[in-house]
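Asker: Sequence below, structure please.
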Amino acid sequence: MQASWPAELKASLTGGGFQQSSYYNGWQVGGGASATWYPVAPLVDDGTPLAMQAYLQRLDRLSFDLGISGFGAKDDLSLYEHSGHSANLALSGLFYLHDLVLGGRFYYGRAYDFQHPAALSGLTADEQHTTQLINPELTLGLRLDTIQFQGSYRFKIYFDDGSVRPAQWGQLVALLEGSVEQAEFWKVSGYTVPHGGGVSGYLEAFSTPQLGIWFDAFFERGQLYLNSQLDYDRQGLEFGVGWWQSSSFELQFSVSLTAAARAVPNATTMLTGLGTLAIVTRAPQRHRAQVAPPSESVPADFPPRPVLPTKPAAPPQPALPAQPEPPQTTPSPRDELPPLTTPTQESETPPQQQPPDSSPPATPIPDPGASP
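Answerer: I've put the predicted structure just below:
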């Protein structure tokens, strides 16, 4: 029997802090939830690493993602305060047509930003702003064995306090991913952002089908934040581990460190450290039996065996004189043969992987659609 599931659910919690100097620091928290449905064929536990099964089986999928986050920062020297929160949702799909990959995504994000003035901050009154992003996306790719390449185009529409930001041409994303002997999964990507771009790399190795360890790194430059049109440099590292307690439940933990600074000389760097705890579950669990092929049977119209002609009856023989009967003896067990039987035949049945980036290294809120 093979276990199978039509859907996967994931929930995560993130928390940490950031610091730019000995007197300017803050905190950040967030959470997310996602659901993935495999409408054409279910996810099957085939013995390969559990986290790679959906990719290796080329499963068509539909996904829904929801995320929230918030942060707060304070300058102990000037008493300047900055806080904000954001929420986003996304609907996406990826489908295979032989070796052709087709996909699409719709993303909506909303961020609220509040700043409290201080003597040295340059603000004379409280400021609050709301930024919205609408981000439709189209994806086209090619799958060759375990290697997949896909390119995406994202068109972004920004609203600043209800006013539409001047339109830009959009964003391009190129992604190459694959597996090595069903024991490692990797991907590299390159993408554009306004006034720049970025690159990222990801590698996950599996010591057993239940245990995976991953490493992620990125570097990007340009307009990276949802509520700011300034250019920044940002780079980060992430290390994580995923353990499947069973074939339908995974526990993940990761830590990340990000550094960001204005793309100007002598800019002060903001360091952000975050920890994320996530659970993944597959549901509902079903079982699929592998039925052995039927044995060969003789067709009904198979020609019968020919009947041989019988010999003519022999003429009667004259009766012989009676002979004395031999003494009765008991046969030995060795002389007795067991009755012929036909053995009964028993039937055999053989047993039977982008959440938006929500880690603001500085007080601006990151643009969740900046990185792939």
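Asker: need the strands for the stretch 201-350 of the chain, in chain order.
Answerer: 211-222, 232-246, 249-262, 270-283, 286-288 (DSSP state E, counting those that start in this stretch).
Asker: Next: the stretch 51-200 of the chain.
Answerer: Using DSSP E, counting those that start in this stretch, the strands of the stretch 51-200 of the chain run over residues 61-75, 81-97, 100-116, 127-144, 147-154, 157-160, 163-164, 171-180, 184-193, 196-208.
Asker: Let's have those strands in TSV, adding mean neighbour count, mean pLDDT and distance to F215.
Answerer: No exception for glycine: its C-beta is placed from N, CA and C like everyone else's. TSV is the format used below for the strands of the stretch 51-200 of the chain (neighbours: other C-beta atoms under 10 Å; pLDDT from 0 to 100; distance: least, C-beta to C-beta, whole Å):
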stretch	mean neighbour count	mean pLDDT	distance to F215
strand 61-75	18	95	23
strand 81-97	18	96	24
strand 100-116	17	95	25
strand 127-144	16	95	24
strand 147-154	17	98	20
strand 157-160	16	93	33
strand 163-164	8	93	40
strand 171-180	17	96	15
strand 184-193	18	96	10
strand 196-208	16	96	5
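Asker: got JSON lines for those, with distance to G275 too?
Answerer: Output for those, formatted as JSON lines (distance: least, C-beta to C-beta, whole Å):
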{"stretch": "strand 61-75", "distance to G275": "14"}
{"stretch": "strand 81-97", "distance to G275": "19"}
{"stretch": "strand 100-116", "distance to G275": "22"}
{"stretch": "strand 127-144", "distance to G275": "26"}
{"stretch": "strand 147-154", "distance to G275": "29"}
{"stretch": "strand 157-160", "distance to G275": "31"}
{"stretch": "strand 163-164", "distance to G275": "37"}
{"stretch": "strand 171-180", "distance to G275": "26"}
{"stretch": "strand 184-193", "distance to G275": "23"}
{"stretch": "strand 196-208", "distance to G275": "18"}
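Asker: that older thread, any chance of a markdown table for the strands of the stretch 201-350 of the chain, columns mean pLDDT?
Answerer: Putting the strands of the stretch 201-350 of the chain into a markdown table (pLDDT from 0 to 100) gives the following:
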| stretch | mean pLDDT |
| --- | --- |
| strand 211-222 | 97 |
| strand 232-246 | 96 |
| strand 249-262 | 97 |
| strand 270-283 | 96 |
| strand 286-288 | 73 |
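Asker: I'd guessed L91 sits against F106; true?
Answerer: Yes - between L91 and F106 there is a contact under C-beta atoms under 8 Å: 5.0 Å.
Asker: Now distance to T131 and mean neighbour count too, for the strands of the stretch 201-350 of the chain, in CSV please.
Answerer: Below are those laid out as CSV (distance: least, C-beta to C-beta, whole Å; neighbours: other C-beta atoms under 10 Å):
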stretch, distance to T131, mean neighbour count
strand 211-222, 17, 17
strand 232-246, 16, 17
strand 249-262, 18, 17
strand 270-283, 20, 18
strand 286-288, 44, 12
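Asker: could these go into CSV alongside distance to G17?
Answerer: Formatted as CSV, the strands of the stretch 201-350 of the chain follow (distance: least, C-beta to C-beta, whole Å):
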stretch, distance to G17
strand 211-222, 20
strand 232-246, 15
strand 249-262, 12
strand 270-283, 6
strand 286-288, 44
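Asker: Out of these, which gets nearest to I68?
Answerer: Of all the strands of the stretch 201-350 of the chain, it is strand 270-283 that lies closest to I68, at 13.9 Å by C-beta to C-beta.
Asker: Mind listing the strands the closest one pairs with, and their directions?
Answerer: Sheet pairing of strand 270-283 (DSSP bridges) gives strand 7-19 (antiparallel), strand 249-262 (antiparallel).
Asker: Find the nearest non-adjacent residue to L102, please.
Answerer: Nearest residue to L102, sequence neighbours excluded (C-beta to C-beta, 6 or more residues apart in numbering): F95, at 5.0 Å.
Asker: show me what contacts the one you found?
Answerer: Residues in contact with F95, defined by C-beta atoms under 8 Å, 6 or more residues apart in numbering, are 60, 101-103.
Asker: Off-centre distance for stretch 269-281?
Answerer: Put simply, stretch 269-281 sits 18 Å off its chain's centre (C-alpha atoms, centre = their mean, to the nearest Å).
Asker: any low-confidence regions in the stretch 251-372 of the chain?
Answerer: Scanning the stretch 251-372 of the chain for pLDDT under 70 picks out 288-372.
Asker: how about a cut-off of 80?
Answerer: The stretch 251-372 of the chain contains residues with pLDDT under 80 at 287-372.
Asker: beta partners for E81?
Answerer: Beta-bridge pairing for E81 (DSSP bridges): K74, H116.
Asker: Correct me if wrong: it contacts D126.
Answerer: No - applying C-beta under 8 Å as the test, E81 and D126 come out as separate, 9.5 Å apart.
Asker: what residues do the two have in common as contacts?
Answerer: Common neighbours of E81 and D126 (C-beta under 8 Å, 6+ apart) are 115-116.
Asker: now the strands paired with strand 270-283 as JSON lines including distance to W214?
Answerer: JSON lines is the format used below for the strands paired with strand 270-283 (distance: least, C-beta to C-beta, whole Å):
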{"stretch": "strand 7-19", "distance to W214": "15"}
{"stretch": "strand 249-262", "distance to W214": "8"}
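Asker: Out of those, which is closest to L144?
Answerer: Of all those, strand 7-19 sits nearest to L144, with 25.3 Å by C-beta to C-beta.
Asker: From D233, how far out is the nearest residue to E220 once chain neighbours are set aside?
Answerer: Spatial nearest neighbour of E220, chain neighbours left out: G198 (2.8 Å); criterion: C-beta to C-beta, 6+ apart. Applying C-beta to C-beta, to the nearest Å, the value for G198 to D233 is 10 Å.
Asker: and what of S163?
Answerer: S163 is 28 Å from D233, where distance means C-beta to C-beta.
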